[in-house]
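Participant: quick one, fold the following:
(2 chains)
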Amino acid sequence: GAGVSQTPSNKVTEKGKYVELRCDPISGHTALYWYRQSLGQGPEFLIYFQGTGAADDSGLPNDRFFAVRPEGSVSTLKIQRTERGDSAVYLCASSLLPGASNEQFFGPGTRLTVL
Amino acid sequence: DQQVKQNSPSLSVQEGRISILNCDYTNSMFDYFLWYKKYPAEGPTFLISISSIKDKNEDGRFTVFLNKSAKHLSLHIVPSQPGDSAVYFCAARQVDSSYKLIFGSGTRLLVRP
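Facilitator: Predicted coordinates for the structure are as follows:
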């Protein structure tokens, strides 16, 4: 497909478990972003990759959250010891180049539910 | 501390009339503003944007106005269509940042046939 894809679309897990969320950006897009959207709120920035490196991880809430993009394409968001407060929709976006004139294209998100 | 605010959680408009969605911001370092539209179970879709050096940008039925002195922007949709019913998010980017977007909480627009 031509758009950003995210898997799984839904993930239900138990408190304390480890989860991985995957993002496939649009081919050729060098910039990749992770956001988190809680109910009734707008997306909230988590981390930004330029190529393989995390250029800005200031939005990660704590050290239970980690993300990688080893080959500069697919990215994985990893959450350790999940808590109920981690329940949200996790959105991935990519853009051709970083910068305001390059719009960010969003995937459909992964809905994470921590019981 | 919310830097981007959308104070109207919902708006209902008759088909064919104008829809006006508002957004306020507090950070004067924002240099670029965007509107995204979101349908249920889908990711946000880019709609229109405006640079801080402009005060208006138009694209078909959609126009965004920026008032820097008031730190306010608005999205006008005219004429409104039932297919425009969605949640609209205002977003802003800070100068010299990582290009991350800071979103408002959204306004749910309902266009009645």
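Participant: quick check: the closest residue to B:Leu47 other than its chain neighbours vs chain A, distance?
Facilitator: Residue nearest to B:Leu47 in three dimensions, not counting chain neighbours: B:Trp35, with 4.4 Å by Cβ to Cβ, 6 or more residues apart in numbering or on different chains. Heads up, the C-betas are built off the backbone N, CA and C, glycines and all. Distance, B:Trp35 to chain A, by Cβ to the nearest Cβ, to the nearest Å: 11 Å.
Participant: chain B contacts on chain A?
Facilitator: Proximity of chain A to chain B, by Cβ under 8 Å from any Cβ of the partner chain, involves residues A:4, A:31, A:33, A:35, A:40-45, A:48, A:55-56, A:58-59, A:91, A:93, A:95, A:98-101, A:103-109.
Participant: next one: the strand or helix carrying A:Phe66 to chain centre, how far?
Facilitator: Per DSSP states H and E: A:Phe66 is located in strand A:65-68. Relative to its chain's centre, strand A:65-68 lies at 9 Å (Cα atoms, centre = their mean, to the nearest Å).
Participant: what average pLDDT does that strand get?
Facilitator: Strand A:65-68 shows a mean pLDDT of 97.
Participant: and that strand, what does it pack against?
Facilitator: On a contact count with 3 or more Cβ pairs under 8 Å, 6 or more residues apart in numbering or on different chains; DSSP states H and E, strand A:65-68 meets strand A:44-50, strand A:75-79.
Participant: so where's chain B uncertain?
Facilitator: Along chain B, segments meeting pLDDT under 70 span B:96-97.
Participant: need the residues of it near chain A, please.
Facilitator: With the criterion set to Cβ under 8 Å from any Cβ, chain B comes near chain A through B:4, B:6, B:31-32, B:34, B:36, B:41-46, B:49, B:51, B:89, B:91, B:93, B:97-106.
Participant: how near is A:Ser95 to B:Arg108?
Facilitator: Distance of A:Ser95 to B:Arg108, given as Cβ to Cβ, to the nearest Å: 26 Å.
Participant: pairing partners for the helix or strand bottoming out on mean pLDDT in chain A, with directions?
Facilitator: Within chain A, no helix or strand scores below strand A:53-56, which has a mean of 90 by mean pLDDT, DSSP states H and E. With DSSP bridges as the test, strand A:53-56 is paired with strand A:44-50 (antiparallel).
Participant: give me the angle between the strand it pairs with and strand A:75-79.
Facilitator: Using axes from the mean of the first three to the mean of the last three Cα atoms, to 10 degrees, one finds that strand A:44-50 and strand A:75-79 are set 140 degrees apart in direction.
Participant: before we move on, back to that, show me how far the least confident helix or strand of chain A is from its chain's centre.
Facilitator: Its chain's average C-alpha position is 13 Å from that of strand A:53-56, according to Cα atoms, centre = their mean.
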